[in-house]
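S.K.: My questions concern the predicted model and sequence given below.
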Amino acid sequence: MEGPLRFETPAELAARVGTEVGVSDWITIDQASIDAFAALTGDRYYIHVDPERAAQTMLGGSVAHGFLTLSQLSRMAYQAAPGVAGTKTGLNYGFDRLRFIAPVPAGARVRGRFTLRNFEVRPDNRWQAMYEVTVEIEGASKPALVAHWLHAGFL
């Protein structure tokens with residue numbers, strides 16, 4: 001996917017502060033994805049890459065790396081968070097808050113819910129948005145993670 005599915009003007013987005021602006025599709029986090037992430041990052045901790053050994057822990061099986069789940073936010077945002085009309089360049093500006101709440105079991109499906117918490121256009125023709133993002137685990141009572149994610153762009 002190349003980018004947001006829809007674009008809104010800065011004024012339209014500013015009017016949506018405090019509301020949910022989108023929900024992504026479900027994404028399956030399978031063992032192959034976990035193993036590939038482990039190979040890429042060098043994080044081969046057994047709870048991620050050894051399902052048999054992980055099954056003997058309180059986790060009951062292998063789980064995704066928290067950072068693997070976090071990395072799916074870009075994909076989720078392309079589906080769920082509106083783009084800002086007229087933006088020449090947009091940037092991931094980082095996180096004000098990030099918490100990993102519950103582990104994501106191998107084979108589970110996750111999706112992102114995006115609530116716009118703040119949006120402002122600054123005098124230098126730059127905008128900044130803060131999304132409160134919750135990554136849900138299908139069928140679970142607790143989310144995988146919650147974050148306050150900042151985006152910036154230049155008009």
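M.R.: Cool, the structure landed. Numbers count the residues shown, from 1 in each chain.
S.K.: okay, CA-based contacts and neighbour counts for the rest of this
M.R.: OK.
S.K.: what packs against the lengthiest helix in the chain?
M.R.: Across the chain, the longest stretch assigned as helix under DSSP state H is helix 31-41. Judged by 3 or more Cα pairs under 8 Å, 6 or more residues apart in numbering; DSSP states H and E, helix 31-41 is in contact with helix 46-49.
S.K.: Give the buried residues for whichever helix or strand comes after the helix it packs on.
M.R.: Counting by DSSP states H and E, the next helix or strand C-terminal to helix 46-49 is helix 51-54. Residues of helix 51-54 classed as buried by neighbour count (16 or more other Cα atoms under 10 Å): 51, 54.
S.K.: Figure out how far helix 51-54 is from the centre of its chain.
M.R.: The chain centroid and the centroid of helix 51-54 are separated by 27 Å under Cα atoms, centre = their mean, to the nearest Å.
S.K.: In PDB, list the C-alpha atoms belonging to that helix.
M.R.: Extracted C-alpha coordinates of helix 51-54, given in PDB (Å, rounded to 0.1, in the frame of the first residue of the first chain):
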ATOM      1  CA  PRO A  51       7.700 -22.400  20.400                       C
ATOM      2  CA  GLU A  52       8.300 -25.700  22.300                       C
ATOM      3  CA  ARG A  53      10.300 -24.100  25.000                       C
ATOM      4  CA  ALA A  54       8.000 -21.000  25.100                       C
END
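S.K.: Going by neighbour count, which residues in the helix or strand that it is followed by are buried?
M.R.: Counting by DSSP H and E, the next helix or strand C-terminal to helix 51-54 is helix 66-71. Using 16+ other Cα under 10 Å as the test for burial, helix 66-71 gives 66, 68-70.
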